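Enquirer: no letters, just coordinates:
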């Protein structure tokens, strides 16, 4: 029985390596053993800036489903500001939020708010294709809204 369990365990560890070795498709992702969390599947996004009367970002984001992304939210403290985007936050899997070296691993998120100057970094995997946004609540200007497309 012990040999059977050991053999099954060895096979289950070797299976991803065998699948990777047999893959002749040059366009297929070549993830490491960490899968989609591998460094080769990670992209940094431009930061979001929270400042009174200033645009959130320079351009809309176009993301690819299955890719791991990281971005920073930088608040200058000029005003108490928040970002909402419940549909976007439900279309992604949040790996972690880092604030002043503290790592938070939430099950979900609806919004974030800065009462003073600070910075936060969010790491996530884009999952559900569609059109989304992050915006300053109560604002109507285009510059206070970041359009996001997940392909």
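Expert: Here it is on my side, so go on. Not measured: the values here are computed from a predicted model. Numbers count the residues shown, from 1 in each chain.
Enquirer: domains in this structure, by residue range?
Expert: 2-35, 37-150 (automatic domain parsing).
Enquirer: and among those domains, the most buried is which?
Expert: Among the domains of the chain, domain 37-150 has the highest mean neighbour count (mean count of other Cβ atoms under 10 Å), at a mean of 15. Quick note: C-beta positions are derived from backbone N, CA and C, even for glycine.
Enquirer: can you give me the end-to-end span of that domain?
Expert: End-to-end distance for domain 37-150: 18 Å, by Cα to Cα, to the nearest Å.
Enquirer: and it, what's its mean pLDDT?
Expert: For domain 37-150, mean pLDDT rounds to 94.
Enquirer: what's the spacing between the residue most central in space within the chain and residue 95?
Expert: When Cα atoms, centre = their mean is applied to the chain, the residue found nearest the centroid is residue 124 (2.1 Å). Residue 124 is 6 Å from residue 95, where distance means Cβ to Cβ, to the nearest Å.
Enquirer: got the contact list for stretch 140-151?
Expert: Contacts with stretch 140-151, where a contact means Cβ atoms under 8 Å, 6 or more residues apart in numbering, come from 48, 54-57, 60-65, 85, 88, 91-92, 126-136, 139.
Enquirer: for the chain, what spans make up the helices?
Expert: Using DSSP state H, the helices of the chain run over residues 2-22, 86-90.
Enquirer: out of those helices, which gets the lowest mean score?
Expert: Looking over those, mean pLDDT reaches its minimum on helix 2-22, with a mean of 48.
Enquirer: now what about stretch 118-131, what contacts it?
Expert: For stretch 118-131, contacts defined as Cβ under 8 Å, 6+ apart pick out 36-37, 63-75, 77, 87, 90-100, 112, 147-151.
Enquirer: restricted to strands, list these.
Expert: Taking DSSP state E, the ones among these that sit in strands are 63, 68-75, 92-99, 112, 147-150.
Enquirer: before we move on, the earlier item: report the beta-bridge partner residues of the residue nearest to the centre of the chain.
Expert: Here residue 124 sits in beta bridges with residue 69, residue 94, going by DSSP bridges.
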